[in-house]
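Trainee: quick one, structure for this:
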Amino acid sequence: MPDQPPAEATKAAEAPETPEKAKAEESKAEGAKAQEAQAEGAQAGESKAEGAKAQEAQAEEAKAEELGIRAANAPDNAAFRLAAIGALLIVVLFAGYGLGRLNNGTAAPAATTPTPTASVVDESQPHTHGTTAPVPGAGAGAAVGGLSLSSSGLTLAPTTTTFPANKTQKLEFTINGPGGAPVTTYAIVHDKPLHLIVIRRDLTGFQHLHPEMAADGTWSIDLTLPEPGSYRMIADFTAVLGGSQIATTLGSDLTVAGGYAPVTLPDPARAAATSDFRVAYEGTPATESTQPLLMTVTDTAGKPVTVEPYLGAFGHLVVLRQGDTGYVHVHPENQLIDGKIKFWLAAPSPGTYRMFLDFQVAGKVSTAAWTVVVS
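Mentor: The predicted model follows:
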């Protein structure tokens, strides 16, 4: 038989642990778990710190990248700003040039003649140009024009004012604006941008002319003044300044050297003769109201003739006052009355006047003249 262990040893091996021993073992296990948890916490803290450092590094890298981009773009932005400022300066300069042209400053005129604009005047109605004439039924005489060299900010500037007797010489002049530069834009009034009347101070030698304008605003026409004496040139026009139309009549003196012998005006009469026609008028000009005047044109035998439109009207009546050549330019109704030309006229003041009627028959323009005394 094999040897058997002692019973005490077997019992001791099979006996359960004592409470003290179990408690010691439990404390040991808990200590091991605490150390393990502490180790895991330290590792987590290290991981968190490393993550924060990584995020901070990433932020610094992004910021550096952004700064790098801005630095790279800085020259382009500066160049863009400089280009924008340059473009703005160019716009301002061109705008100033345009305003100078519009306000007739010192800017140079355009290389080509501007297209004239249409007139704001209703040419289908009887009216007076260059003045503030009353409407029919008003109680005051018409204002006269042509007495001043300058008006409404505009100035008539002839290049020369001395002419030889009975010899053709070019008359040149400009209409200068408020800034001193010549006006280059005018409204078309009765088919022309400017009407020029030339007459001697004794109301003889009447001429109704239409100069041509150059691109720089200089008007010119060949002019013949037949006799010595002092003449008046009267420019009737509508200038366009800054988009506004200014109807103005300006005047200046022209001189022909030599012995001046004033002519006495013919006596007042109702009828006047031209080389081909006889013209009579009905009506009595007055100062207190606008009165109708009916003009009848016949041939030398007294037979009525057909009057044709001339410069946008059936006739043009220019009235000039003796003593100062005060000027009124009247246009008729747009329809003939039984073949007669009908005007409406209010005399500017009592005095002696010379009336000149331009009319056209069979393509030929003629001028009839009367002396009228208004009391």
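
Trainee: in this protein, where is pLDDT below threshold?
Mentor: Scanning the chain for pLDDT under 70 picks out 1-140.

Trainee: using CSV, list the CA coordinates for whatever helix or strand T174 lives in.
Mentor: Using DSSP states H and E, T174 maps to strand 168-176. C-alpha atoms of strand 168-176 as CSV (Å, rounded to 0.1, in the frame of the first residue of the first chain):
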residue,chain,number,x,y,z
THR,A,168,-17.4,142.7,-100.0
GLN,A,169,-15.7,141.7,-96.8
LYS,A,170,-16.1,138.7,-94.6
LEU,A,171,-18.0,139.4,-91.4
GLU,A,172,-16.9,137.0,-88.6
PHE,A,173,-18.2,136.8,-85.0
THR,A,174,-18.8,134.4,-82.1
ILE,A,175,-21.4,134.1,-79.5
ASN,A,176,-19.5,133.6,-76.2
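
Trainee: following it, which helix or strand shows up next?
Mentor: Taking DSSP H and E, what comes next after strand 168-176 is strand 187-188.

Trainee: packing partners for the very next helix or strand once past that next one?
Mentor: Moving toward the C-terminus from strand 187-188, the next helix or strand (DSSP H and E) is strand 194-200. Strand 194-200 sits against strand 207-209, strand 218-224, strand 229-241, strand 316-321, strand 327-331, with contacts defined as 3 or more Cβ pairs under 8 Å, 6 or more residues apart in numbering; DSSP states H and E. (Each C-beta comes from the backbone N, C-alpha and C, glycine too.)

Trainee: with only the CA atoms kept, save strand 194-200 in CSV.
Mentor: Below are the C-alpha coordinates for strand 194-200, written out as CSV (Å, rounded to 0.1, in the frame of the first residue of the first chain):
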residue,chain,number,x,y,z
LEU,A,194,-29.1,132.0,-86.5
HIS,A,195,-30.8,134.9,-88.3
LEU,A,196,-28.7,138.1,-88.8
ILE,A,197,-30.2,141.5,-89.5
VAL,A,198,-27.9,144.3,-90.8
ILE,A,199,-29.2,147.8,-91.2
ARG,A,200,-27.8,151.3,-91.2
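
Trainee: for N166, what are its contacts?
Mentor: When contacts are counted by Cβ atoms under 8 Å, 6 or more residues apart in numbering, N166 touches T224, L225, P226, E227.
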